[in-house]
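give me the fold of what follows.
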Amino acid sequence: MLGMSKRRREQARPVAAPRVQAGPAAPSRSRRLRSFTTPYLAAILSALLLALAFPPVDFSWIAYVALVPLLVMARHVRSPRQAFRAAWVGGVFYFGWNARWLLSTGIAYGEYPEFFSWQMLLFCVLNAYLGLYWALFAWSFRRIGDAVRVPATVLAPVLWVALEFVRGWAFSGLPWLYIGHTQFANLTLIQTADLVGAYGASFLIAMTGGLITDLLTRPLFVPRAKATPETRRAGSRRFSPLLGGMIILTLAAWAATVGYGAYRLSQIARIPGPAVGAVQTCVPQLVKQEVRHGAKDLAQEMMEDQVLRTRQVVGEARQGGMPLDLVVWPETMVPGILNQEFLEDDLAKKIDQERLLELFRYFQEQSRGYWLQIAMLSREIGAPILYGANASDVEGVERLPGGRFMTRGPRWNMALLMTPDLKPYAAAHTYAKVHLVPFGEFVPFKQSWPWLRGQIMALSPYDFDWTVEPGDPGQTPFTIPYRGEDVWRAPAGGPATARFQVAICYEDSMAYRIRDMARPAARGQPKSIDFLVNISNDGWFNGSVELDQHLNLCAFRAIENRLPIVRSVNTGISAIIQSDGRIERPVTDAAGNRHFVAGQTFGRLLLDPRVTVYTGIGDVFANACLAASVLGLAWAIVRDRRARGGVPR
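Here you go, the predicted model:
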């Protein structure tokens with residue numbers, strides 16, 4: 001080597017391998033696990049926070065931040081598909097937890113265990129379906145946000161209201177657990193319901209959560225557009241004009257909501273109306289099933305309890321200087337079939353088997369006895385009684401397995417009015433429930449998909465078709481006289497009168513049904529009714545949070561149409577709701593419990609002659625949000641496909 005020339009030594013020197021630049025290290029297993037689970041945990045966190053805003057905790061203010069984890073997750077995950085999957089899990093958790101009362105029915109255990117598998121199946125299918133609304137929200141939020149860069153302050157409330165509106169209509173509708181319902185006790189914040197329905201409160205909640213999301217995920221300070229020597233010395237960055245605009249927009253929405261609410265609550269537009277009493281029974285659904293299967297003693301106990309509580313509430317009201325103009329009983333708490341057609345029917349023309357004819361004649365006489373009890377009670381107290389019962393047009397009798405029988409022909413879930421001057425077996429007025437509960441009162445797809453309906457019937461715990469018929473949506477209102485000073489509808493020299501309509505069970509959750517009842521017959525005319533009665537049998541739900549949820553959403557129906565409401569509910573919660581949404585005199589026991597108790601309450605309804613914007617135009621605001629959401633999503637999809645050359649995302 002020493003004798004080699006310099007050039008030969010350099011040629012003989014081994015050449016080092018070229019240095020390859022190392023790429024990013026592969027993520028560890030724990031890091032990959034965190035990136036996979038974090039979106040799901042964020043969605044579940046939003047579900048947990050929203051659950052705290054609903055009963056039994058009722059921490060309503062937490063709703064304004066509850067959507068932030070879901071929104072941040074949807075904005076930062078890898079793709080809209082991942083946002084969809086994570087939000088679906090959060091939605092299933094949200095609806096599963098807050099609607100857990102669907103599995104708490106008293107007949108699902110004990111002597112009727114076959115109901116449990118049926119209810120579990122419906123519960124799982126329903127929650128899987130409802131979770132899709134959260135999934136669609138997160139997916140749409142990400143797709144539109146990527147394409148149009150709309151701030152979450154605007155995009156989140158529009159999408160949320162649109163999907164709540166769709167959920168309230170699709171497949172007969174489930175307008176339950178709207179995030180706006182968490183604000184039922186914040187009266188100032190929910191008076192906008194007479195403009196835009198319950199969606200106004202939902203919009204404000206989602207808007208506030210969207211603003212917080214923008215503050216967390218967008219830069220607070222941005223470079224100035226044009227920098228001068230002075231601005232360079234002072235700093236070339238400024239607070240984001242976009243965030244500043246969103247803060248101003250949200251503050252304006254809050255100011256408008258609070259200002260409008262304070263204005264509405266300060267108005268003196270209500271006048272004394274009828275004095276009403278509500279009876280609250282406490283009969284578990286298991287006991288009602290026994291009554292349905294012929295337990296005569298239990299049936300008579302139910303009647304005697306309602307008669308006793310009616311006398312008590314009438315006496316309490318008279319002691320308070322308030323003679324009652326109407327007493328209300330809960331849904332279907334009078335055993336038997338109480339419509340006049342059945343009570344007067346000649347069953348011998350419908351039933352040709354002597355043994356069955358004898359059985360149903362006995363049942364008919366029993367139902368006539370219940371009618372006579374109510375008639376005598378109405379005469380005794382000197383006031384009408386509104387009661388709930390089954391109705392049937394008997395066309396024959398069907399034999400059921402186990403030696404049971406049922407009538408063949410149409411059946412209805414009905415409210416009937418008894419007045420002191422009625423002839424035997426008549427009703428002063430009736431209302432048949434219009435909006436029926438799927439799977440509870442009818443099995444869907446009877447006409448559209450008979451095969452699927454047959455499969456559902458095969459899985460049900462019933463061995464017969466329990467379907468009831470819907471009533472006519474245009475049924476005329478009830479009218480009662482009352483001892484008031486209402487000169488604006490009192491005929492010359494006669495008593496004041498008030499008109500009302502009945503919402504049976506979950507009909508009060510359907511805003512459009514109550515609006516249809518209240519809508520004036522023509523422009524410039526007064527509302528079609530002066531107050532609303534809600535009768536319900538919530539004995540299915542074993543004293544669960546369903547009772548609170550049902551009461552709270554009913555308050556929005558009062559504000560939307562400025563209608564006072566009296567509620568009479570088996571197992572609770574019976575109360576009076578005034579037209580500003582204020583819940584008064586709920587039935588409680590001596591310890592203050594409102595769930596699964598019996599009792600009675602009374603109060604004077606304050607009639608509100610104002611015809612609201614919502615009564616007039618309905619869900620225009622929600623429809624506008626839906627239209628904006630569809631257009632935004634369509635634009636995002638078209639723009640994305642163009643950018644990707646037609647390759648779907």
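
in the stretch 251-400 of the chain, where is pLDDT below threshold?
Scanning the stretch 251-400 of the chain for pLDDT under 70 picks out 292-295, 400.

so who does Ile62 touch?
Shown in contact with Ile62 (C-beta atoms under 8 Å, 6 or more residues apart in numbering): Leu49, Leu50, Leu52, Ala53. For the C-beta atoms, the positions are set from N, CA and C on the backbone; glycine is no exception.

got a winner among those for most neighbours?
Using other C-beta atoms under 10 Å as the neighbour criterion, Leu50 leads those with 24 neighbours.

what is the neighbour count of the closest residue in space to it that isn't next to it in sequence?
Sequence neighbours aside, Ala66 is the residue nearest to Leu50 in space, at 4.3 Å (criterion: C-beta to C-beta, 6 or more residues apart in numbering). Residues lying near Ala66 (other C-beta under 10 Å) number 25.

again with Arg585
By other C-beta under 10 Å, 15 other residues sit near Arg585.

for it, which non-adjacent residue is spatially closest?
Closest residue to Arg585 apart from its sequence neighbours, by C-beta to C-beta, 6+ apart: Thr601 at 4.6 Å.

residues contacting that neighbour?
Applying C-beta under 8 Å, 6+ apart, we find Thr601 in contact with Gly277, Ala278, Gln280, Val313, Ser574, Ala575, Ile576, Arg585, Pro586, Val587.

bridging across strands, which residues link to it?
Taking DSSP bridges as the rule, Thr601 bridges to Ala278.

could you measure from it over to Val569?
11 Å (C-beta to C-beta, to the nearest Å).

which residues are in contact with each of those two?
Common neighbours of Thr601 and Val569, using C-beta under 8 Å, 6+ apart, are Gln280.

sorry, back to before: which of the contacts of Ile62 lies closest to Ser378?
Ala53 (43.1 Å; C-beta to C-beta).

give me every residue that touches the nearest residue to Ala503 once chain neighbours are set aside.
The shortest distance from Ala503 to any non-neighbouring residue, by C-beta to C-beta, 6+ apart, is to Asn534 (4.8 Å). Neighbour list for Asn534: Val502, Ala503, Ile504, Glu507, Asp508, Cys554, Ile565, Val566, Arg567, Ser568, Val569 [criterion: C-beta under 8 Å, 6+ apart].

please apply the same query to Asp619.
Contact partners of Asp619, counting by C-beta under 8 Å, 6+ apart, are Phe165, Gly197, Tyr199, Ala511, Tyr512.

filter the residues you listed to the buried ones?
Phe165, Gly197, Tyr199, Ala511 (16 or more other C-beta atoms under 10 Å).

just put those residues in a markdown table and tack on pLDDT, distance to Gly261 and secondary structure.
Converted to a markdown table, the buried ones among the contacts of Asp619 look like this (pLDDT from 0 to 100; distance: C-beta to C-beta, whole Å; DSSP: H, G, I helix; E, B strand; the rest coil):
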| residue | pLDDT | distance to Gly261 | secondary structure |
| --- | --- | --- | --- |
| Phe165 | 97 | 22 | helix |
| Gly197 | 96 | 15 | coil |
| Tyr199 | 97 | 15 | helix |
| Ala511 | 95 | 19 | helix |
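
run a quick neighbour tally on the closest residue to Ala51 other than its chain neighbours.
Distances taken as C-beta to C-beta, 6+ apart put Trp97 closest to Ala51, at 5.4 Å, once the chain neighbours are dropped. As a burial measure, Trp97 scores 15 neighbours (other C-beta under 10 Å).

how much space separates Trp97 from Trp160?
19 Å.

do Gln549 as well
Gln549 sits 19 Å away from Trp160, going by C-beta to C-beta.

repeat that for Val569.
Separation of Val569 from Trp160 (C-beta to C-beta): 30 Å.

list the buried residues of stretch 354-365.
Leu356, Leu359, Phe360, Phe363, Gln364.

closest one to Glu341 out of these, please.
Closest to Glu341, out of all of the buried residues of stretch 354-365 and judged by C-beta to C-beta, is Gln364, at 11.4 Å.

OK, contacts around the closest one?
Ile337, Phe342, Leu343, Asp345, Leu347.

how about the contacts of Thr601 in CSV, adding distance to Asp640?
Shown next, in CSV, are the contacts of Thr601 (distance: C-beta to C-beta, whole Å):
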residue, distance to Asp640
Gly277, 61
Ala278, 56
Gln280, 56
Val313, 63
Ser574, 53
Ala575, 51
Ile576, 53
Arg585, 56
Pro586, 52
Val587, 55
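
got a quick PyMOL command for the buried subset of those?
The buried residues among these can be selected in PyMOL (16+ other C-beta under 10 Å) with this line:
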select buried, resi 277+278+280+313+574+575+576+586+587
